[in-house]
Structure formats: structure tokens, C-alpha cells
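[1] please find the sequence and the predicted model below.
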Amino acid sequence: MNILLIYIFLDVVAFSSIIISVLPFHAKMLGAGPFLVTLYISTFSFIQFFVSPILGRLSDRFGRKPLLVSSSLADLVSHLIMSVASTLPLLFLSRLVAGLFSCNIAVGSALVSDITSASERTKYVGRYNSAYSLGFAIGPLIGGYLAGSDSINPNYFNSSIFAAIINIINVFILIFFLKSPKKITTKSSSLSENNKILSLLKYKNLTYLFVLYFLVNFVFSGLNGIFALWSEDRFNWGPQQIGIMMSFVGVLLAFHQAISINFFVSKFKEGKTIFFSILSIFIGIYTLTLSFNYIMLSIAIFFCTMGIGILNPTINSLISMKSDKNQTGSALSINQSGLSIARFTGQPFSGFFFQNFSINTPLYIGLFILLVIQIVYAKKLNSDQYD
């Protein structure tokens, strides 16, 4: 388990050093407007929507480790291309390569499920996501520092090469130190792999979680997609400042996923915890629309990170508990595909309204969606728990 946590930590350090604090300014430097910037950010998620279930099925069949190795190798190639991307098509190619093979989150989560009991799964999923968040705290800080404070001409070469070096280290760790658990064999030969995934969508207790996960992450992904540009407009920030703020975000996420999630799940169970997390995101985004100073911004970030930091691992844990063990990888990959489509639609959606209306318009739309979610799913969430 410790090796897996080290792997996911380094993996997130690598990609977050580029995507959050550097890529928006890299694309803007090459001539992209806000809408096109968010399209480039969401390219990865668009590809993941199609390939994530396939990669999940392959991990169920051949084991988690080979898929994690291929994911790290793809990230390495992607970051090397990005280091020399002086045109928008080349920058697009770098995101395409990563999107085709990346599966670290879904397959890593499935591996956690493989090696933990149902009663401890939420706790260890929280630790896994805490390692993710710690990487998220360090990556943007380093990437932003290497790229500099100039939002017009970021030094993307330095940050890209740094990410590539981390990918090389991760490949070494996976090959020589990560032990694969015994492969889960299934006796169900009557169902094809595609029918196996489709069969999961027939379970209402799983389907509503897939839908809920998608809707909340559609809103939150939209916020992520425009945050660098929003901060540049509101506070005149560049890559370094974004990196510092994202480091703060990562620390808060790590705290909420290591500490807060255990408190809420043990006291309120999974369903009520999810409802509370959605309310927290709502408060955070509303406060963000009123943020004209760093104090209000910090309050907004606190509530947003608490909400998403608790929601995502809790939903993933609940899905793994409600699905058969030999279908866990497929179930989590469906959820990952839902996250991917939320990102590749939510980010350009927000980018469009950011560019054509105002910087806060996508935030107001997100607040409306979250309000509807809380009304529609309140009864279901307050009664859903797993013992």
C-alpha cells in the first residue's frame, strides 16, 4: 500500500506541475482564447471518456500493475512533447498521448479495493486520495516556480522537463517495487466485457451515484478550467501565483481526505456525507463570486476543497462496496468515464460563458445546478448508507 501511495503522489506531482499552473498560460501564449484554453485542458478528459472503461477492463483481466506502467510511460512521452510545443497542434498532441493511455486514478483506486476489506475501504480510499492531494499541493508550486510569474511568456520547457523526470522515477518504482495482488478471476463467461459494463448500469443503487458524480464534477471541473484565467483577471496572477494557491488547495484537500472524511463518514455514513459535501461546494462557489480580496478567496477555497475532497472518495468507496468484487475495476472506470465527460464538457462550457459573458457567469450557472442536485437527491442521500 505504501508503494502505491508513493506512486500516486509522484504521478500527481508530475501532471499537476503542468496542467494547473502552466498549461492555461502556455495555450494562451500560443494564441488561444479562454474558450480554446479550456478545450485544450479538456482534451485529456475527452479521450479518457472513451478509453477509461477499456483500460479498466484490461486491468481486471491482466492486473493493475501493467496498466499503471503504461500510464506512466504515456505521461512521460506527453510531457516531452509538451516541453517543445511551440504551436497549438503540438500542444494538442501532447494531451492526446496522455489521454489515450492514462488510467492512474481508476486503476489505482481498483488496486486499493483489491487489497482492503469493505469495512476499511473508505479509510484507505481517503488515504489514497490524500496522497493525491499532497502531490497536488507540491506539483503546481514547483511547476509555477519553474514557469515564472509572467502570464504572457511562461517558461513551459522547465516545468515540462521536471514532470518528465518524475515520470521516469515512477516507472522505475512500479517495475521494481510495486507488488501485484493475485488477479481476480471471474467465472462469468456468458457475458462479454461490454455487456459486463452495461449490466452495471442497470443497478439503480449504482446508477444514481454515477449520475451524481457526473453532475457535481461538471460544475467543479468548470471551475477548475477557468480558475487560472479567473485569477489572472481578478488578481492579475501568473503561473507562480497560481502554483502557490494550488499548493494551498492541495494541503486543504489532503487534510479533508485524511481527517474530515473519516469524521463525517463515521458519524453520518456515506449518503449524508455526500449531501453535506455538495452543500460545502455550493457555499464555496458562492463565496468565490464575492471574492475581491485574499481573505474571501481563502474562505471560498476552504469550502470548495472540503466538499470535493470528501465527495469524490466517498462516492468511489460506496460504488466499490455496492459492486461485485470482480466488477470493481469496471464500475470505478465507468465513474472515471463520467468524470472525464464532466471535465471535457464542463470546462469548455465554463470557458464559453467566461469569454462571452463575464468571469462569474459560469459560477452562477454552477450554483444553480448544485441547488437542483440537492433538492432532487436529498431524500436518497439521507437514507443511503453502507454497513
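    Cool, the structure landed.
[2] for residue 106, which residues are in contact?
    Taking CB atoms under 8 Å, 6 or more residues apart in numbering, we find residue 106 in contact with 52, 55, 56, 59, 329, 332, 333, 335, 336. Just so you know, the C-beta spots here come from the backbone N, C-alpha and C atoms, and that holds for glycine as well.
[3] of those, which is the nearest to residue 17?
    residue 336 (21.8 Å; CB to CB).
[4] for that closest one, give its distance to residue 90.
    Distance of residue 336 to residue 90, given as CB to CB, to the nearest Å: 27 Å.
[5] please say which of these two ends up with more neighbours.
    residue 336 (24 against 13; other CB atoms under 10 Å).
[6] isn't the more buried one right up against residue 102?
    No: in this structure residue 336 lies outside contact range of residue 102 using CB atoms under 8 Å: 10.0 Å.
[7] what touches both of these two?
    Common neighbours of residue 336 and residue 102 (CB under 8 Å, 6+ apart) are residue 48.
[8] what's the lowest-pLDDT member of the contacts of residue 106?
    Ranked by pLDDT, these bottom out at residue 329, which has 73.
[9] and the gap between that residue and residue 219?
    27 Å.
[10] these two: which is more packed in?
    residue 329 (30 against 26).
[11] contacting residues around the more buried one?
    Residue 329 sits in contact with 56, 57, 59, 60, 64, 106, 107, 110, where contact means CB under 8 Å, 6+ apart.
[12] I'd like the residues you listed as TSV, with secondary structure and distance to residue 83 appended.
    Shown next, in TSV, are the contacts of residue 329 (DSSP: H, G, I helix; E, B strand; the rest coil; distance: CB to CB, whole Å):
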residue	secondary structure	distance to residue 83
56	helix	30
57	helix	33
59	helix	29
60	helix	34
64	helix	29
106	helix	27
107	helix	26
110	helix	31
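[13] returning to that earlier point: now distance to residue 84 and secondary structure too, for the contacts of residue 106, in CSV please.
    CSV is the format used below for the contacts of residue 106 (distance: CB to CB, whole Å; DSSP: H, G, I helix; E, B strand; the rest coil):
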residue, distance to residue 84, secondary structure
52, 28, helix
55, 27, helix
56, 32, helix
59, 32, helix
329, 35, helix
332, 35, helix
333, 32, helix
335, 35, helix
336, 30, helix
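[14] check which helices and strands the strand or helix carrying residue 10 sits against.
    Assigned by DSSP states H and E, residue 10 belongs to helix 2-19. Packed against helix 2-19 by the contact rule (3 or more CB pairs under 8 Å, 6 or more residues apart in numbering; DSSP states H and E) you find helix 64-83, helix 104-114, helix 121-147, helix 156-176.
[15] list the buried residues for it?
    4-19 (16 or more other CB atoms under 10 Å).
[16] same question, stretch 363-371
    Neighbour-count burial for stretch 363-371 flags 363, 365, 366, 367, 369, 370 (criterion: 16+ other CB under 10 Å).
[17] now, which of the residues you listed sits nearest residue 28?
    Residue 28 has its nearest neighbour among those in residue 363, at 20.3 Å by CB to CB.
[18] residues touching the closest one, list them.
    223, 285, 288, 289.
[19] the same query, at a cut-off of 6 Å, please.
    285, 289 (CB atoms under 6 Å, 6 or more residues apart in numbering).
[20] ok, residue 202 - how many residues close by?
    As a burial measure, residue 202 scores 8 neighbours (other CB under 10 Å).
[21] give me phi/psi at it?
    The phi/psi pair for residue 202 (degrees, to the nearest 10) reads phi -80, psi -20.
[22] from residue 110, how far off is it?
    Taken as CB to CB, the span from residue 202 to residue 110 is 21 Å.
[23] over to residue 282?
    Counting by CB to CB - residue 282 and residue 110 are separated by 30 Å.
[24] before we move on, back to that, next, format the contacts of residue 329 as JSON lines and append distance to residue 135.
    JSON lines is the format used below for these (distance: CB to CB, whole Å):
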{"residue": "56", "distance to residue 135": "22"}
{"residue": "57", "distance to residue 135": "27"}
{"residue": "59", "distance to residue 135": "21"}
{"residue": "60", "distance to residue 135": "26"}
{"residue": "64", "distance to residue 135": "19"}
{"residue": "106", "distance to residue 135": "17"}
{"residue": "107", "distance to residue 135": "16"}
{"residue": "110", "distance to residue 135": "19"}
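[25] between which two of these is the distance greatest?
    Maximum pairwise distance among the contacts of residue 329 (CB to CB): 12.3 Å, between 57 and 64.
[26] who has more neighbours out of these two?
    Applying other CB under 10 Å to residue 57 and residue 64 shows that residue 64 carries more neighbours, namely 28 against 18.
[27] nearest spatial neighbour of the more buried one, chain-adjacent residues omitted?
    residue 111 (4.3 Å; CB to CB, 6 or more residues apart in numbering).
[28] tell me the pLDDT at that neighbour?
    If you check residue 111, the pLDDT there is 84.
[29] which strand or helix spans residue 86?
    Applying DSSP H and E, one finds residue 86 in no helix or strand.
[30] tell me the phi and psi of it?
    phi -100, psi 0.
[31] repeat for residue 150
    Per degrees, to the nearest 10, the backbone of residue 150 is at phi -80, psi 110.
[32] one more: residue 21?
    phi -100, psi -10.
[33] that one: neighbouring residues, count only.
    32.
[34] got a list of what it touches?
    So residue 21 contacts 140, 143, 144, 239, 242, 243 (CB under 6 Å, 6+ apart).
[35] look up the pLDDT of it for me, please.
    Value for residue 21, per-residue pLDDT: 88.
[36] with residue 194 instead?
    At residue 194, the model reports a pLDDT of 63.
[37] export stretch 223-241 as PDB, just CAs?
    The C-alpha atoms that make up stretch 223-241 are tabulated as PDB, following Å, rounded to 0.1, in the frame of the first residue of the first chain:
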ATOM      1  CA  LEU A 223     -14.400  26.000 -12.000                       C
ATOM      2  CA  ASN A 224     -11.100  24.300 -12.400                       C
ATOM      3  CA  GLY A 225     -11.000  25.000 -16.100                       C
ATOM      4  CA  ILE A 226     -11.300  28.800 -15.700                       C
ATOM      5  CA  PHE A 227      -9.600  29.300 -12.300                       C
ATOM      6  CA  ALA A 228      -6.200  30.300 -13.700                       C
ATOM      7  CA  LEU A 229      -7.800  32.800 -16.100                       C
ATOM      8  CA  TRP A 230     -10.300  34.000 -13.500                       C
ATOM      9  CA  SER A 231      -7.400  34.600 -11.100                       C
ATOM     10  CA  GLU A 232      -5.500  36.500 -13.800                       C
ATOM     11  CA  ASP A 233      -8.500  38.700 -14.400                       C
ATOM     12  CA  ARG A 234      -9.400  39.300 -10.800                       C
ATOM     13  CA  PHE A 235      -6.000  39.400  -9.100                       C
ATOM     14  CA  ASN A 236      -3.500  39.800 -12.100                       C
ATOM     15  CA  TRP A 237      -1.900  36.400 -11.300                       C
ATOM     16  CA  GLY A 238       0.600  34.400 -13.300                       C
ATOM     17  CA  PRO A 239       1.900  30.800 -13.100                       C
ATOM     18  CA  GLN A 240       3.800  31.300  -9.800                       C
ATOM     19  CA  GLN A 241       0.800  32.800  -8.000                       C
END
